[in-house]
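> fold the following for me, if possible:
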Amino acid sequence: MKKQLTTIFAVGTVCSLIALTACTEKHVPSGSPVAPSPPESLRGSFDVFYELQTSPTSTAGTGEKPKKVSAIHFHENYIVLEEATGGRVLPVDKIKEFWWR
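Sure thing, here's the model as predicted:
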């Protein structure tokens with residue numbers, strides 16, 4: 001009888017451990033905010049040219065003279081340009097043209 005109880009206890013313990021292992025997978029509960037993924041970044045010395053649509057009839061940008069930047073960070077909704085004296089955020093939905101060399 002004691003051996004049967006020990007066997008049942010051992011089987012129950014193993015089953016419990018398997019169940020707990022299956023329940024500890026990482027998941028985001030529904031309704032919880034999801035952390036944004038880190039941006040893709042380029043570091044170096046770049047000449048960046050861009051043109052933004054500032055209104056239905058107007059644009060603004062670098063024109064013929066590029067921005068000198070040390071890094072470009074590509075986020076889902078915007079691009080960040082790191083300049084020597086600060087930075088600039090370009091909303092993706094306003095960009096008409098964007099390139100670098």
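
> pLDDT below threshold where in the chain?
Scanning the chain for pLDDT under 70 picks out the ranges 1-38.

> could you pull out the strands for it?
Assigned by DSSP state E, the chain shows strands spanning 40-55, 58-61, 67-74, 78-83, 86-91, 95-100.

> okay if I get these as CSV plus mean neighbour count?
From N, CA and C alone the C-beta is placed, and that goes for glycine too. Output for those, formatted as CSV (neighbours: other Cβ atoms under 10 Å):
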stretch, mean neighbour count
strand 40-55, 13
strand 58-61, 12
strand 67-74, 16
strand 78-83, 16
strand 86-91, 12
strand 95-100, 13
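
> using PDB, list the CA coordinates for stretch 59-67.
Extracted C-alpha coordinates of stretch 59-67, given in PDB (Å, rounded to 0.1, in the frame of the first residue of the first chain):
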ATOM      1  CA  THR A  59       6.700  71.000 -48.800                       C
ATOM      2  CA  ALA A  60       9.800  71.500 -46.700                       C
ATOM      3  CA  GLY A  61      13.100  69.700 -46.500                       C
ATOM      4  CA  THR A  62      16.800  69.800 -47.200                       C
ATOM      5  CA  GLY A  63      16.700  70.900 -50.800                       C
ATOM      6  CA  GLU A  64      20.100  70.700 -52.500                       C
ATOM      7  CA  LYS A  65      22.100  70.900 -49.200                       C
ATOM      8  CA  PRO A  66      22.000  67.700 -47.100                       C
ATOM      9  CA  LYS A  67      21.800  67.300 -43.400                       C
END
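
> what's the distance between the nearest residue to Arg101 once chain neighbours are set aside and Ile79?
Once flanking residues are discounted, Arg101 sits nearest to Asp47: 5.2 Å by Cβ to Cβ, 6 or more residues apart in numbering. Between Asp47 and Ile79 the computed distance is 15 Å (Cβ to Cβ, to the nearest Å).
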